[in-house]
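Participant: have a look; sequence and predicted model below, questions after that.
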Amino acid sequence: MNINQSWLRVMGLTGILGGLLLFTGDMLFYYDSVSTNLKLNMGNASEFRIIANGILALLATWFYLFGLGQVYYAFMPSTKTVRNIVVVSFACILISYGIIHSAYIAIATTAKLAVQNHLDMETATALASNTNNILRLLVYPIFALLSFVFIWQVWKKKTLYPRWIILFFPLVPFLFQGLVKKVLSGSIWIVIVGGYLNLIIVVFFLASTIALWNTNTER
């Protein structure tokens, strides 16, 4: 696969953009300057914010997948089997990001109905929330496989990535999510915790782009 340096950089920047779009969607769902109750905030979100989220999820998924071209290139020194495992697994996860984000529209819609009709929030959103949780469970085994293969190959120097990229691979910040939730509060809690899963992808693509920025693509 021949990728010139400019396209390699564009792919990384596109991955970053995909993460920022979904992070924006998170804020459209969650952000409220006076409340940290995420479901209540979704219930108070305008119809425009909910509809915009569906559009952003589609666009972000396209950008995410285009950004994976950078990961594919970085794994060119690996075997074809390893490279395909990494790229296909990563693609499955990033597609899931878009689908799960879109599934939150159901939670936001039922939360909005609960607010408007003075219904119990947890009861009203239970079905949509349970569906969302099941979708997440299906992704975890793929994430585990990707994490093992990615970290193993990078550590063994079988890729174009330097070892420090492991610190920015999504698994590492994902493991600190619980701690982050405990130490933050107020508006910053909403911004970081509400958009955490997309922020860790932004950080990964940013690190990946920096690591490969001056890579010699003429091989």
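Facilitator: Happy to help now that I have it.

Participant: give me the pLDDT value at the residue most central in space within the chain.
Facilitator: In the chain, the centroid-proximal residue (CA atoms, centre = their mean) is residue 198; its distance is 3.5 Å. Note for residue 198: predicted pLDDT of 94.

Participant: that one and residue 191, how far apart?
Facilitator: 11 Å (CB to CB, to the nearest Å). C-beta: built from backbone N, CA, C; applies to glycine.

Participant: pull the longest helix from this structure.
Facilitator: Determined from DSSP state H, the single longest helix within the chain is helix 80-117.

Participant: so which elements touch that helix?
Facilitator: helix 5-30, helix 38-44, helix 47-74, helix 121-155, helix 196-212 (3 or more CB pairs under 8 Å, 6 or more residues apart in numbering; DSSP states H and E).

Participant: for those helices, give me CSV that also has distance to residue 171.
Facilitator: Shown next, in CSV, are the helices and strands packed on helix 80-117 (distance: least, CB to CB, whole Å):
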stretch, distance to residue 171
helix 5-30, 16
helix 38-44, 24
helix 47-74, 14
helix 121-155, 4
helix 196-212, 9
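
Participant: which among the ones you listed is found nearest to residue 89?
Facilitator: helix 121-155 (3.9 Å; CB to CB).

Participant: which residues of this protein score low on pLDDT?
Facilitator: Scanning the chain for pLDDT under 70 picks out 1-2, 217-219.

Participant: picking that back up, in the longest helix of the chain, what's buried?
Facilitator: Buried residues in helix 80-117, counting neighbours by 16 or more other CB atoms under 10 Å, are found at 82-83, 85-87, 89-91, 93-94, 96-98, 100-105, 107-112, 114-115.

Participant: what sits against the nearest residue to residue 136 once chain neighbours are set aside?
Facilitator: Counting by CB to CB, 6 or more residues apart in numbering, residue 136 lies nearest to residue 100, which is 6.5 Å off, once chain neighbours are set aside. Going by CB atoms under 8 Å, 6 or more residues apart in numbering, residue 100 touches 132, 135-136, 139.

Participant: now do residue 100 against residue 26, distance only.
Facilitator: Distance, residue 100 to residue 26, by CB to CB: 11 Å.

Participant: with residue 214 instead?
Facilitator: 32 Å.
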